[in-house]
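> predicted model, plus sequence, below.
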Amino acid sequence: MEKSFQNSGLAGQHVAEPDAIQMDGCDGANGQKKAEGFTGNVKYLLVGVVFGIVFVKAEIVSWFRIQEMFRLDSFHMYGVIGSAVVVGLLSIWLIRRFNIKTLSGEQVSIADKVFDKGQIYGGVLFGIGWAITGACPGPLFAQIGAGYAAVAVTLLSAIAGTWVYGLIRARLPH
C-alpha cells in the first residue's frame, strides 16, 4: 500500500510502504530527507536528558502539581503550559517568517492542521488519563528517572494503548 501525504506539506508525494495507511494530515509526518546518524541521535538523547532534569526541577512531573492543576488549586501548571504555547506559537511564526532551515539545511515544512471531531474525543480521553495517573507521555520518562517506579505501569499502559490504536486505526472514523 502507498502512503499518501494528503493535507500536509508533503502533498503529492507517495512512498511505497507495506501495511501503511493513508495519512490524514494529523500524523505529524516527518519529511526529513536524510536519516540521522549516531551523533545526531546522541544529541537528541542529551537534549532529552536536560529536558527531563528541567521537568523534575520545575516540578512539572510532580503528581501533586498535576492534581493541583486539575482541582484548580494552583496556577503553576497553567503558567507552564501557557508559556509553552506562547513559545510554540512564536517559534512557528519565526520559522515561517524567516524561512528557517534545519541544521542540515533542509526546508522546514509545517503542514496545516485539519480539524476532526475525533480530536475532541481523543483530547477528553487524554485528559482523563492525565488526571487519573498524574502523567502525560512526555514526562513519564522523567518521572521514572526521578524514582517514581509506579509510573512504569502508566508507561506500559501508554505503550499498550498506542499499540491498540495502531491495530484499529484503519477502522476508526478519521
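Sure, I can see it.
> gap between Phe75 and Lys117?
31 Å (Cβ to Cβ, to the nearest Å). Quick note: C-beta positions are derived from backbone N, CA and C, even for glycine.
> where's the residue lying closest to Leu140 once chain neighbours are set aside relative to Gly37, distance?
Nearest in space to Leu140, with sequence neighbours left out and distances taken as Cβ to Cβ, 6 or more residues apart in numbering, is Leu155 at 4.9 Å. For Leu155, the distance to Gly37 equals 28 Å [Cβ to Cβ].
> these two - which one has more neighbours?
Between Leu155 and Gly37, counting by other Cβ atoms under 10 Å, Leu155 is the more crowded of the two (16 against 9).
> correct me, but the more buried one touches Gly138?
No: counting by Cβ atoms under 8 Å, Leu155 stays clear of Gly138, with 11.5 Å between them.
> domain parsing for this protein?
Structurally, the chain divides into domains by automatic domain parsing as follows: 1-31, 32-169.
> least confident of these, on average?
Mean pLDDT across the domains of the chain is lowest at domain 1-31; the value there is a mean of 48.
> helix, strand or coil for the residue of the chain positioned farthest from its centre?
Distance from the centre of the chain peaks at Asp73, with 26.4 Å (Cα atoms, centre = their mean). Classification of Asp73 by DSSP: H, G, I helix; E, B strand; the rest coil places it in coil.
> what are the phi and psi values at it?
Main-chain dihedrals, Asp73, degrees, to the nearest 10: phi -90, psi -20.
> how about the helix or strand harbouring Gly138: buried residues?
Take DSSP states H and E as the rule and Gly138 turns out to sit in helix 137-145. Within helix 137-145, the residues scored as buried using 16 or more other Cβ atoms under 10 Å are 139-145.
> can you put these in JSON lines and add distance to Ala58?
JSON lines is the format used below for the buried residues of helix 137-145 (distance: Cβ to Cβ, whole Å):
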{"residue": "Pro139", "distance to Ala58": "10"}
{"residue": "Leu140", "distance to Ala58": "16"}
{"residue": "Phe141", "distance to Ala58": "15"}
{"residue": "Ala142", "distance to Ala58": "10"}
{"residue": "Gln143", "distance to Ala58": "13"}
{"residue": "Ile144", "distance to Ala58": "17"}
{"residue": "Gly145", "distance to Ala58": "14"}
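> pick the one among the residues you listed closest to Trp130.
Set against Trp130, the nearest of the buried residues of helix 137-145 by Cβ to Cβ is Pro139 (9.9 Å).
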